[in-house]
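*Asks:* Predicted coordinates and the sequence they were generated for:
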Amino acid sequence: MNTVLHKADTRGDADHGWLHSKHTFSFANYHNPERMNFGVLRVLNDDIVSESRGFGAHPHRDMEIVSIPLEGDLKHQDNMGNATLIKAGDIQVMSAGTGVMHSEYNYNPDKPVKFLQIWIVPNKQGVAPRYDQITLDTADRKNQLQQVLSPNAEDAGVWIHQNAWFNMTQLDKGKELQYPLNDAENNGVYAFVLKGDATVNGQALHERDGFGIWDVANLDIKADTDTEILLMEVPMNV
């Protein structure tokens, strides 16, 4: 078993006034050669956007971009003709492929919006740009795993061009569960604690800590308090 631990207070910190972002991996003006990625997981940004503010139209290409709202509502627009509202409980995915332009704004005039921005390096370059968004029943992650992303369009959650699986769970204090890897030979799992405290494969974790594990077949998770966790299983070879 190999591991890497990223404590919450060691992340990059960018405060732009209207945007406060914590970077698990190198991004924009935060550069740490030891924090470039976890396998194909390239970006994990923990963003807070002020009331009625946001990211103006900007381009991306050849990246799988996943947004997970945690609090508040995001307004999305892109040059593919999509204009949608993304709320807590939704999952948004965009395959940038040959190139897209998009904007994301806090739709709320009276409260900040909090969301995770995640970039995954795709296993195919130059694909046709694609947008998808789904609403999940968060009750389905209570004391169990809820799959929210996979490589298969027919499977639960959204899909991306990569051999990756995301699961979310909300565990009551004292609850335990096991996560079996879908591809233990090639993949690792990055566990990100959204709330509370947990122990993953013997490692104590607290809110917003990240813990990467590879060369294992399973993750053993125990909730030390009521906790919420995002598990991101991704290939380790970029």
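*Replies:* Thanks, I have the structure now. Residues are numbered from 1 along each chain as shown.
*Asks:* What lies in contact with the helix or strand of the chain with the lowest mean pLDDT?
*Replies:* Confidence across the helices and strands of the chain bottoms out at strand 54-60, with a mean of 82, counting by mean pLDDT, DSSP states H and E. Under the criterion Cβ atoms under 8 Å, 6 or more residues apart in numbering, residues 18-19, 49, 74-75, 77, 79, 94, 96, 99-106 lie in contact with strand 54-60. In this view, the C-beta of every residue, glycine as well, is placed from N, C-alpha and C.
*Asks:* Just the CA atoms of it, as CSV, please.
*Replies:* Output of strand 54-60 as CSV, limited to C-alpha atoms (Å, rounded to 0.1, in the frame of the first residue of the first chain):
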residue,chain,number,x,y,z
GLY,A,54,-18.3,34.4,-10.9
PHE,A,55,-16.0,33.2,-13.6
GLY,A,56,-16.5,35.0,-17.0
ALA,A,57,-16.5,33.2,-20.3
HIS,A,58,-13.1,31.3,-20.7
PRO,A,59,-11.8,28.4,-22.7
HIS,A,60,-10.8,24.8,-21.9
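*Asks:* Direction included, what does that strand pair against?
*Replies:* When pairs are called by DSSP bridges, strand 54-60 turns out to pair with strand 100-106 (antiparallel).
*Asks:* Which parts of the least confident helix or strand of the chain count as buried, going by neighbours?
*Replies:* Within strand 54-60, the residues that qualify as buried are 54, 55, 60, counting by 16 or more other Cβ atoms under 10 Å.
*Asks:* which element follows it toward the C-terminus?
*Replies:* Moving toward the C-terminus from strand 54-60, the next helix or strand (DSSP states H and E) is strand 64-71.
*Asks:* what angle separates the helix or strand following that next one from strand 100-106?
*Replies:* Once strand 64-71 ends, the next helix or strand along the chain (criterion: DSSP H and E) is strand 73-78. Computed by axes from the mean of the first three to the mean of the last three Cα atoms, to 10 degrees, the angle separating strand 73-78 from strand 100-106 equals 160 degrees.
*Asks:* Now strand 73-78: average pLDDT?
*Replies:* For strand 73-78, mean pLDDT is 89.
*Asks:* And for stretch 3-18?
*Replies:* Averaging pLDDT along stretch 3-18 gives 96.
*Asks:* buried sites along it?
*Replies:* Of all the residues in stretch 3-18, those buried under the rule 16+ other Cβ under 10 Å are 6, 8, 11, 12, 14.
*Asks:* nearest to residue 217, of those?
*Replies:* Distances from residue 217 to these, taken as Cβ to Cβ, are shortest for residue 6 (22.7 Å).
*Asks:* bridging residues for the closest residue to the closest one other than its chain neighbours?
*Replies:* In space, and not counting its chain neighbours, residue 6 is closest to residue 210: 4.1 Å by Cβ to Cβ, 6 or more residues apart in numbering. Each beta-bridge partner of residue 210 is listed here: residue 6, residue 192, as defined by DSSP bridges.
*Asks:* correct me, but residue 210 touches residue 191?
*Replies:* Yes: using Cβ atoms under 8 Å as the test, residue 210 is close enough to residue 191 to be in contact (7.1 Å).
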